[in-house]
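A.B. asks: Fold the following.
(chains A and B)
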Amino acid sequence: MVSLTDHHPLIQVRGVGKTFGRGRAAVEALRDVTFAVQEGEFVSLVGPSGCGKSTLLRLLAGITDWDRGSVRLRGEDPRATRLPVGMVFQSPVLLPWRTVVQNVLLPLEIAGLNHRAHEGRARELVASVGLAGFEERRPYPLSGGMEQRVALCRALVNDPILLLADEPFGALDAMTRDRLNLELQRIWMATPKTVVFVTHSIPEAVFLSDRVVVMTGRPGHVFRVVAVGLPRPRELAVQDVPEFGRYTGEVREALEAACRP
Amino acid sequence: MPAVAERPDREGGAPGAIPGGRGRMAQVAGRIAFGGAYTTCLLAAWEALVRVLSIPDYLLPGPWTIFQASGGRLGALASNTLVTVQEILAGFVLGAGLGAALAVAISLIAPLRTVLLPTLVALQSVPKVALAPLMVVWLGIGIAPRVAMAALFCFFPVLINTLAGLTKVEPTMVELAVVLRATPWQQFRKIALPHSLPYLFDGMKIAMPLAVVGAIVGEFTSAERGLGNLILVASSQVNTPLIFAGLFAITVVALILFGAIQILERIAVPWSVEYRKA
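C.D. replies: The predicted structure is shown next:
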């Protein structure tokens, strides 16, 4: 493990800019974005819709290129790195021809690992998110919450150093969402990993995160970073504590200020 | 943290339960019974119409006359049907196989999409029926020109559908592959190829009836055997009941072959069949 010092953050984003399209149709998604995420940290990105949160996450995942600045994962280019990175998308993106376990095993298969040897781990993961008994089912009869749990297992199966989540629970009902947030916190605390979590829910961001990065509207820019000092593990009841309200208030104020022209 | 599994939104409760398992047999039996009754009524109405209006057999024979004519020529009907089925199957395998293989090649090799695909689309605009005499010149008068006609008719729908299945993978699935650092071959093998299978079957469902058309057109042009030939000969003798018997045989063949594709689809891509029902 790399030492957890400020000098060697897991993620280092410096002066990053990204523009989609050209000429009059050009949309500047990100402008001079700078921030760092330490090893083992849980960081949320919040901001008005269209502020480039998802774009930023895609840069970290190595899916999208950037135009200016630099993005580094442990000093490596995220587009070229072999570091294991897990990603949970807004939709589950399960392969409908594969069973739940086969979907979870996909990253290992692609990494060329003997997935038979890891099948036990995949099954454990599936059971740990409450899907025991559904291992051999294909995704089609599963509910949105169940599918997103499978997607979470898939993102975790190769023990990534970094988990990227793009509003993963945004389409779910409040109760399912709470439960999945608890599970995510448990998984994050159980195995050391770094999480960058995009959300548009302020309470969700405060509940999960060590730090909340508030972004401005288009072009996206880091406006303020709110550190959340609530002790862990956090129970759902923490949301009723006045301190929790102070943090959500702080994020909300920052968000409102960020939206002001 | 105790996690409680939600119930699935759609059909099926307990793990492993087959959704809608019960009642399915009854449903099928009901449909068969309805279909049988409906067909019987239609045939009876046809028979009644022919008799009441005393329509001569050479114009429109009734079902009973056609049945009798079929009975008298059962051997000829059977052997000619066999020939036509062979042509259809050979042509289908050839045409669909070539279509699917070319779709794979075009999806993997970008230059082919810009060069080969437009050429094929242009060729597709040639009315295929008009190619039948050419096939005779090129391939002689054996079974080959009819197989070629059936293959020609099958080729394009399978090519286009399979190509769509291979290339129209959801962008998020492609992003997933990028995050997982999948090689182009892995993307093809693990995502594009399985994704294309339902499209391939859609293409084959379009192609199978067309293969029948191709074989019959081929037989009209050059054949001493086959159902197309039987119909042609019966027509020259104004043996209308036998024409109808031939039509009936070819229709049954087409229906059975189409059903076979559907059964094959259920076996090969059960997930797609489930997915569409849901």
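
A.B. asks: any chance you could map the strands in the stretch 151-261 of chain A?
C.D. replies: Using DSSP state E, counting those that start in this stretch, the strands of the stretch 151-261 of chain A run over A:162-166, A:194-198, A:211-215, A:222-227.

A.B. asks: So which residues make contact with the third one?
C.D. replies: Contacting residues not belonging to strand A:211-215 are listed as A:33, A:35, A:41-48, A:51-53, A:56, A:205-206, A:221-228, A:247, A:251, A:254-255, A:258 [CB atoms under 8 Å, 6 or more residues apart in numbering or on different chains]. C-betas here are computed from N, CA, C, even on glycine.

A.B. asks: These in helices, which ones?
C.D. replies: Among the contacts of strand A:211-215, the members falling in helices (DSSP state H) are A:53, A:56, A:205-206, A:247, A:251, A:254-255, A:258.

A.B. asks: Just the pLDDT for residue 134.
C.D. replies: The chain I'm using is chain A. Looking at A:Phe134, its pLDDT is 90.

A.B. asks: ah, no, chain B please
C.D. replies: 91.

A.B. asks: Find the helix or strand that it is a member of.
C.D. replies: Secondary structure assigned from DSSP states H and E places B:Leu134 in helix B:132-139.

A.B. asks: Kindly calculate the angle that the helix or strand just after that helix makes with helix B:132-139.
C.D. replies: Under the assignment DSSP H and E, the closest C-terminal helix or strand after helix B:132-139 is helix B:144-167. Using axes from the mean of the first three to the mean of the last three CA atoms, to 10 degrees, the interaxial angle of helix B:144-167 with respect to helix B:132-139 works out to 110 degrees.

A.B. asks: Kindly indicate whether B:Gly218 is helix, strand or coil.
C.D. replies: Under DSSP: H, G, I helix; E, B strand; the rest coil, B:Gly218 falls in the helix class.

A.B. asks: which residues in chain B form helices?
C.D. replies: All helices of chain B, identified by DSSP H, fall at B:24-52, B:63-72, B:74-108, B:110-124, B:132-139, B:144-167, B:171-179, B:184-186, B:193-221, B:227-236, B:240-268, B:270-277.

A.B. asks: how close does A:Thr64 sit to A:Ser91?
C.D. replies: Here the criterion is CB to CB, to the nearest Å. By it, A:Thr64 lies 18 Å from A:Ser91.

A.B. asks: Pull the contacting residues for A:Gly50.
C.D. replies: Here A:Gly50 is in contact with A:217-218 (criterion: CB under 8 Å, 6+ apart).

A.B. asks: Would you quantify the distance from it to chain B?
C.D. replies: Using CB to the nearest CB, to the nearest Å, one obtains 18 Å as the distance from A:Gly50 to chain B.

A.B. asks: Which pLDDT value goes with that residue?
C.D. replies: If you check A:Gly50, the pLDDT there is 75.

A.B. asks: and what of A:His7?
C.D. replies: Note for A:His7: predicted pLDDT of 53.

A.B. asks: got it, and B:Lys205?
C.D. replies: Turning to B:Lys205, the model gives it a pLDDT of 96.

A.B. asks: ok, how many other residues are close to it?
C.D. replies: When counting by other CB atoms under 10 Å in any protein chain shown, one arrives at 16 neighbours for B:Lys205.

A.B. asks: so what's it closest to, chain neighbours aside?
C.D. replies: B:Ile261 (5.5 Å; CB to CB, 6 or more residues apart in numbering or on different chains).

A.B. asks: Tell me the spacing between the one you found and B:Gly97.
C.D. replies: Remark: distance between B:Ile261 and B:Gly97 (CB to CB) = 14 Å.

A.B. asks: More neighbours: the two, which one.
C.D. replies: It is B:Ile261, of B:Ile261 and B:Gly97, that has more neighbours when counted by other CB under 10 Å, with 19 against 14.

A.B. asks: for the more buried one, what are its contacts?
C.D. replies: Contacts of B:Ile261 were listed using CB under 8 Å, 6+ apart, and they are B:201, B:204-205, B:208.

A.B. asks: Just list whatever residues bridge to A:Ile76.
C.D. replies: No Ile there; residue A:76 is Glu. With DSSP bridges applied, A:Glu76 shows beta-bridge pairing to A:Leu73.

A.B. asks: mind checking how far stretch A:95-104 is from the chain centre?
C.D. replies: Shown here is stretch A:95-104, whose average C-alpha point lies 22 Å from the average C-alpha point of the whole chain (CA atoms, centre = their mean, to the nearest Å).

A.B. asks: right, is that stretch up against chain B?
C.D. replies: Yes - residues of stretch A:95-104 contacting chain B under CB under 8 Å from any CB of the partner chain: A:95-97.

A.B. asks: Any idea how far apart the tips of that stretch sit?
C.D. replies: The stretch stretch A:95-104 measures 10 Å between its terminal residues, going by CA to CA, to the nearest Å.

A.B. asks: Residues in contact with it: which ones?
C.D. replies: By CB under 8 Å, 6+ apart, the list of residues contacting stretch A:95-104 reads A:94, A:106, A:119, A:122-123, A:125-126, A:131, A:134-140, A:142, A:150, A:153-154, A:157, B:173, B:190-191, B:194-195, B:197, B:269, B:271-272, B:275.

A.B. asks: measure stretch A:139-149 end to end?
C.D. replies: Stretch A:139-149 end-to-end distance (CA to CA) = 11 Å.

A.B. asks: now do stretch B:165-175
C.D. replies: The stretch stretch B:165-175 measures 17 Å between its terminal residues, going by CA to CA.

A.B. asks: Ok, which of the strands of the stretch 151-261 of chain A comes nearest B:Cys41?
C.D. replies: Among the strands of the stretch 151-261 of chain A, the nearest to B:Cys41 by CB to CB is strand A:162-166 (58.9 Å).

A.B. asks: packing partners for the closest one?
C.D. replies: Counting contacts by 3 or more CB pairs under 8 Å, 6 or more residues apart in numbering or on different chains; DSSP states H and E, strand A:162-166 is packed against helix A:53-61, strand A:85-88, helix A:144-156, strand A:194-198.

A.B. asks: Quick check: the most centrally placed residue in chain B vs B:Leu117, distance?
C.D. replies: The structure's chain B has its C-alpha centroid closest to B:Met208; by CA atoms, centre = their mean the separation is 2.3 Å. For B:Met208, the distance to B:Leu117 (CB to CB) stands at 23 Å.

A.B. asks: how many neighbours does A:Asp240 have?
C.D. replies: For A:Asp240, the neighbour count with other CB under 10 Å is 9.

A.B. asks: ok, back up a step: save the helices and strands packed on strand A:162-166 as TSV, and put in distance to A:Ile187 and mean neighbour count too.
C.D. replies: Putting the helices and strands packed on strand A:162-166 into TSV (distance: least, CB to CB, whole Å; neighbours: other CB atoms under 10 Å in any protein chain shown) gives the following:
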stretch	distance to A:Ile187	mean neighbour count
helix A:53-61	19	23
strand A:85-88	11	26
helix A:144-156	7	25
strand A:194-198	9	25
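
A.B. asks: Compare those and report which one is nearest to A:Gly15.
C.D. replies: With distances scored as CB to CB, the stretch of those nearest to A:Gly15 is helix A:53-61 (12.6 Å).
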